[in-house]
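A.B. asks: Following is a predicted model, sequence given first.
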Amino acid sequence: MSGPVLAVNQVGKSFKNKQIIKDISFEVKKGEIMAILGPNGAGKSTTIRSIMGILHPDEGTVKFHGHSAGSIPRHRIGYLPEERGLYKKVSIMDILLYFAELKDYPVKKAKERALTYLKKLGLEGKEKSSIEELSKGMGQKVQFIASIIHEPDLLILDEPFSGLDPVSQELIKSEIKELANKGTAILLSAHQMNVVEELCDRLFMIHRGQKVISGTMEEVKAQYANYKCVIRGNNEESILARLPQVQRVEQSGELATLYLEANIQPSTWLKQLPEEIQIQELTVSRISLHEIFIDIATDKKLLGEGEKSA
Ligand SMILES: Nc1ncnc2c1ncn2[C@@H]1O[C@H](COP(=O)(O)OP(=O)(O)OP(=O)(O)O)[C@@H](O)[C@H]1O
């Protein structure tokens, strides 16, 4: 199939003359998992609600399989909203069938899928229970099933991992992976950078309503420093600051973290370390998405080629 499943183009939205998101553009293709990331209040949910048509963007367009606005076949989209809430007294099976019916999905197939997913997510035998009889995390899993019961082409998940224990996170993560493998286009927001790093093909990070970085995990890491070298030793800050091809040094006692410039191979860099550097321990690793996130969110500005901090 040609063309992206979802195309967001220059979307902007203001509330009471205050611009909340601006010039947001990205695409999600069939079978792709895209993460929308950013600190609290960055504008992730506003972007997602604009895509879902819950909010009407002031600028830009949202296209699903090339359709826009009123002609979007919304029954082909699945959505897990940030604000959770299901009918407390109704049985779980009835809730799931209700969601399927809203999306014109056949009841018999929906029933089979509901039982399959309840089992997969550790809720086997709970179909007759009501939401009020379940824990918060269990309720969240039911809401996840409700968002995928109708086999959507595009799945939008606003913080699917919040409030889930590590085992439940793993379960949801593997379901998301499986759905993508079967061709579902997935857009998700999350604060768990380790999960995003494992799960997502591409990411789009916003800060104060605007894009700060986007691309595949590799592309994002290449735009940022590629590697960091942690040295334990009694070294003067001035010596470390003079080392070549280092973007930034962070020192805490005997531990110094050196963020290397992009495209520097650690093996080459290590060979030219001066003998005066004292090394008790040395590790080299790729920088994590978690570090990139904190850097952006705290305006430290690790890098960007040619943007070396003073
Ligand atoms: N209906 C509204 N009216 C006015 N301001 C709003 C409205 N909805 C959101 N905002 C503001 O827009 C900004 C972005 O909010 P949004 O919920 O999109 O952030 P977010 O990135 O999803 O944050 P979080 O990670 O905390 O969920 C915030 O400053 C918020 O106060």
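C.D. replies: Perfect, I can see it now.

A.B. asks: rest of the way, CA atoms for contacts and neighbours
C.D. replies: Will do.

A.B. asks: Below-threshold pLDDT in this structure: ranges please.
C.D. replies: Applying pLDDT under 70 to the chain picks out residues 1, 225, 300-310.

A.B. asks: and it, which of its residues are near the ligand?
C.D. replies: 15, 20, 38-46 (C-alpha under 6 Å from any ligand atom).

A.B. asks: out of those, who has the most neighbours?
C.D. replies: The residue in the residues of the chain next to the ligand with the most neighbours, by other C-alpha atoms under 10 Å, is residue 44 (27 neighbours).

A.B. asks: From residue 81, how far out is that residue?
C.D. replies: Distance of residue 44 to residue 81, computed by C-alpha to C-alpha, to the nearest Å: 12 Å.

A.B. asks: And the strands in the stretch 1-150 of the chain?
C.D. replies: 6-15, 18-28, 33-37, 59-64, 67-68, 77-80 (DSSP state E, counting those that start in this stretch).

A.B. asks: Let me have those in CSV, extended by distance to residue 130.
C.D. replies: Below are the strands of the stretch 1-150 of the chain laid out as CSV (distance: least, C-alpha to C-alpha, whole Å):
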stretch, distance to residue 130
strand 6-15, 35
strand 18-28, 35
strand 33-37, 32
strand 59-64, 34
strand 67-68, 37
strand 77-80, 19
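
A.B. asks: if you compare those strands, which one is most tucked away?
C.D. replies: Stretch with highest mean neighbour count among the strands of the stretch 1-150 of the chain: strand 33-37 (a mean of 26; mean count of other C-alpha atoms under 10 Å).

A.B. asks: List the contacts of that one.
C.D. replies: Residues outside strand 33-37 that contact it (C-alpha atoms under 8 Å, 6 or more residues apart in numbering): 28, 44, 180, 185-191, 196, 199-206.

A.B. asks: isn't residue 256 right up against residue 231?
C.D. replies: Yes - counting by C-alpha atoms under 8 Å, residue 256 does reach residue 231; the two are 5.3 Å apart.

A.B. asks: Mind jotting down where the helices sit in this structure?
C.D. replies: Under the criterion DSSP state H, the chain contains helices at 44-52, 92-102, 107-120, 136-148, 166-181, 193-199, 217-223, 237-241, 266-271, 289-297.

A.B. asks: and of the ones you listed, who's closest to residue 277?
C.D. replies: Of all the helices of the chain, it is helix 237-241 that lies closest to residue 277, at 7.7 Å by C-alpha to C-alpha.

A.B. asks: Which neighbouring elements make contact with that closest one?
C.D. replies: Counting contacts by 3 or more C-alpha pairs under 8 Å, 6 or more residues apart in numbering; DSSP states H and E, helix 237-241 packs against strand 246-252.
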